[in-house]
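A.B. asks: Make a model of this:
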Amino acid sequence: MSEACRLCGAVPLEGRSCEEIYHQFLALEFVDPGYGRVHFVTVACYMIQHEGYSDEMYLWIESALRNYVERGYTVQMILADAARGPGRSKGVRRPADARPLPKVAWSMTIADVAAHMHDAESYCQLIEQWGQKTLSEMGPLLLNKQ
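C.D. replies: Next up, the predicted model:
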């Protein structure tokens, strides 16, 4: 049996790593609009749970995900905000020399989505659920939040 992901704690599904599942999801989303409508949430959750964002981007993505999940912002609204966000002038990705992030015991990971999806409808519902859970659990990652 493969070891759990050192970043998110997911148990590999059928020997696939989180990164492999993520790339499979991206391929589905780019080929089929039924899957693609949750692309923002897929990328946000994967990057949040896999220490992919700089400290500034964790603050921005938390706000963007909250706006999407709780306030009904459209992807177009998120993209317009992104054009003014920290990714415009600072690095989006977490620098290799950045301070370590606290570990979070995620209650839902990309492997959970992969294990339970059957079609575009179930996939989108699971991704939306993953977004809600990630948002509610990501507080410890907001290192610079006042």
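A.B. asks: Tell me who's in contact with Ala115.
C.D. replies: Leu13 (C-beta atoms under 8 Å, 6 or more residues apart in numbering). (Each C-beta comes from the backbone N, C-alpha and C, glycine too.)
A.B. asks: Just confirm it is within a helix.
C.D. replies: Yes - assignment of Ala115 by DSSP: H, G, I helix; E, B strand; the rest coil places it within a helix.
A.B. asks: Look at it and report its pLDDT.
C.D. replies: In this model, Ala115 is scored at 96, pLDDT.
A.B. asks: now it: how far from Val75?
C.D. replies: 26 Å (C-beta to C-beta, to the nearest Å).
A.B. asks: which residue is nearest the middle of this structure?
C.D. replies: Cys45 (1.1 Å; C-alpha atoms, centre = their mean).
A.B. asks: Show me which positions of the lowest-mean-pLDDT helix or strand in the chain end up buried.
C.D. replies: Every helix and strand of the chain was ranked by mean pLDDT, DSSP states H and E. The lowest is helix 75-82, at a mean of 83. Within helix 75-82, the residues that count as buried by 16 or more other C-beta atoms under 10 Å are 75, 78, 82.
A.B. asks: Stretch 20-29 too?
C.D. replies: For stretch 20-29, using 16+ other C-beta under 10 Å, the buried residues are 21-22, 25-26, 28-29.
A.B. asks: shouldn't Cys18 be in contact with Cys5?
C.D. replies: Yes - using C-beta atoms under 8 Å, Cys18 is in contact with Cys5, at 4.9 Å.
A.B. asks: who has more neighbours, those two?
C.D. replies: Cys18 (23 against 19; other C-beta atoms under 10 Å).
A.B. asks: residues in contact with the more buried one?
C.D. replies: 5, 7-8, 10, 12, 46, 49-50, 109-111.
A.B. asks: swap the cut-off to 6 Å and go again
C.D. replies: 5, 10, 110 (C-beta atoms under 6 Å, 6 or more residues apart in numbering).
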